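[1] predicted model follows, preceded by the sequence.
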Amino acid sequence: MTLRVAVIGAGRMGQGIALALSRSGAPVHLLGRTAKPIPGPLVVEADDWGVPCREAELILIATPDAAIPAIAARLAAEGNISPGQAVLHLSGMLGRHALDPLVATGAALGSFHPLQTVADPTTAAERLRGAFAGIEGDDRAIAAGTRLAGVLGMIPVEIPADAKAIYHAGATLVANYTVALMGMAVRLARQAGVPADLAPRLYLPLLRGALDNLDRLPPEDALTGAIRRGDTETVTAHLAALPAGDRRLYAIVGLEALSLARQAGLGGAAVEELDRVLRGAATG
């Protein structure tokens, strides 16, 4: 059975999901503020959202978080939503209450957060397939999110509404802070004299190796390096070489690595000494 969908918001994720759904054979309308063509078989429709929304089984709001309540209020004011429909927004941070203006419609309300980055909408179908999606909402919204995940080839995971902030913080650490840490590593490589054109690529094989380990093992078993070995001398040398701001960040993340090393079996005097050294640098 096909799933009739209206996607409101023509940013990269909105375009990507619309294209992925279209590729799966689902009838899709992509709605935005300005009519425009996009790569693939779809165009952004801007003139009248009424018919596409009223005919859709599922409405996805793929706008920035701050705009979601206003979009919900517009849909309610225009009478575009009925009890038999489901409305899901794509925010990783907000819960179903961002859609409170639609409560009186009787529609199923919730959220569907793809745990994947989409930089190029034309590759979204491949990138979303096999990725997880955090779903939240009332029972019918959970069912709609689960069905949508099935169409996209994603794996649904139910997230309680009051836990979305901490869930989303974890996503930020992985998707955004990994990039930030790589930026820091590239800067340090340049300071170490690595040619500027080579520095951005220097650590990529190492990162791919770490990701491969994480694909097969839990974090405590995937951890390698000086802290996992209990090598206080190397860690101390790293801290001494770094400027103050970088030293504190290294130490704070190092304490998390030390926690994993403990879980993996590291103990004794090495743990106590590493803990002392890292805590001193983190607070100094």
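    Perfect, thanks for sending it.
[2] right, and the helix or strand after the top helix by length along the chain?
    In the chain, ranked by residue count with DSSP state H as the criterion, the top helix is helix 244-263. Later in the chain than helix 244-263, the nearest helix or strand by DSSP states H and E is helix 269-283.
[3] so which elements touch that next one?
    For helix 269-283, the elements it packs on are helix 232-241, helix 244-263, judged by 3 or more C-beta pairs under 8 Å, 6 or more residues apart in numbering; DSSP states H and E. Every C-beta, even on glycine, is put in place using the N, C-alpha and C of the backbone.
[4] adjacent strands (with direction) for the helix or strand of the chain with the lowest mean pLDDT?
    Within the chain, no helix or strand scores below strand 36-37, which has a mean of 80 by mean pLDDT, DSSP states H and E. Here strand 36-37 is paired, per DSSP bridges, with strand 43-45 (antiparallel).
[5] let me see the mean pLDDT of the strand it pairs with.
    For strand 43-45, mean pLDDT rounds to 87.
[6] which outside residues touch the helix or strand just after that strand?
    Of the helices and strands lying after strand 43-45 in sequence (DSSP H and E), the nearest is helix 50-55. By C-beta atoms under 8 Å, 6 or more residues apart in numbering, the residues outside helix 50-55 that reach it are 4, 6, 8, 29, 31, 45, 59, 75, 78, 80, 81, 82.
[7] could I get the buried residue list for helix 50-55?
    52, 53 (16 or more other C-beta atoms under 10 Å).
[8] which stretches of the stretch 51-200 of the chain form strands?
    With DSSP state E, counting those that start in this stretch as the criterion, the stretch 51-200 of the chain has strands at 58-61, 86-89, 108-114, 132-137, 155-158.
[9] tell me which other helices or strands the fourth one touches.
    Just to be clear, that refers to strand 132-137. Under the contact criterion of 3+ C-beta pairs under 8 Å, 6+ apart, strand 132-137 touches strand 108-114, helix 139-152, strand 155-158, helix 164-172.
[10] any idea which of these is most buried?
    Compared across those, strand 108-114 shows the largest average neighbour count, a mean of 26 (mean count of other C-beta atoms under 10 Å).
[11] so which other helices or strands are in contact with that strand?
    Helices and strands touching strand 108-114, by 3+ C-beta pairs under 8 Å, 6+ apart, are strand 86-89, strand 132-137, helix 139-152, helix 164-172.
[12] could you dump the longest one to CSV, C-alpha only?
    What that stands for is helix 139-152. The C-alpha coordinates for helix 139-152 follow below in CSV (Å, rounded to 0.1, in the frame of the first residue of the first chain):
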residue,chain,number,x,y,z
ASP,A,139,0.0,5.8,19.6
ARG,A,140,-1.3,6.6,16.1
ALA,A,141,1.7,8.9,15.5
ILE,A,142,4.1,6.1,16.6
ALA,A,143,2.3,3.8,14.1
ALA,A,144,2.6,6.4,11.3
GLY,A,145,6.3,7.0,12.1
THR,A,146,7.0,3.3,12.1
ARG,A,147,5.2,2.9,8.7
LEU,A,148,7.2,5.9,7.3
ALA,A,149,10.5,4.3,8.5
GLY,A,150,9.5,1.1,6.8
VAL,A,151,9.0,2.9,3.5
LEU,A,152,12.4,4.6,3.8
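[13] residues making contact with it?
    Residues from elsewhere that reach helix 139-152 (C-beta under 8 Å, 6+ apart): 3, 5, 17, 20-21, 24, 26, 57-58, 60, 86-88, 96, 108-112, 125, 128-129, 133, 135-137, 154-156, 158.
[14] filter the residues you listed down to the buried ones and hand me the ChimeraX line.
    Selection of the buried residues among these in ChimeraX, burial being defined by 16+ other C-beta under 10 Å:
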select :3,5,17,20,21,26,57,58,60,86,87,88,96,108,109,110,111,112,125,128,133,135,136,137,154,156
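[15] on that earlier part again, any idea which of the contacts of helix 50-55 is closest to residue 206?
    Nearest to residue 206 among the contacts of helix 50-55: residue 8, at 41.0 Å, using C-beta to C-beta.
[16] tell me how many other residues crowd that closest one.
    Residue 8 has 27 neighbouring residues, counting by other C-beta atoms under 10 Å.
[17] equivalent analysis for residue 239, please.
    By the measure other C-beta under 10 Å, the count of residues near residue 239 is 20.
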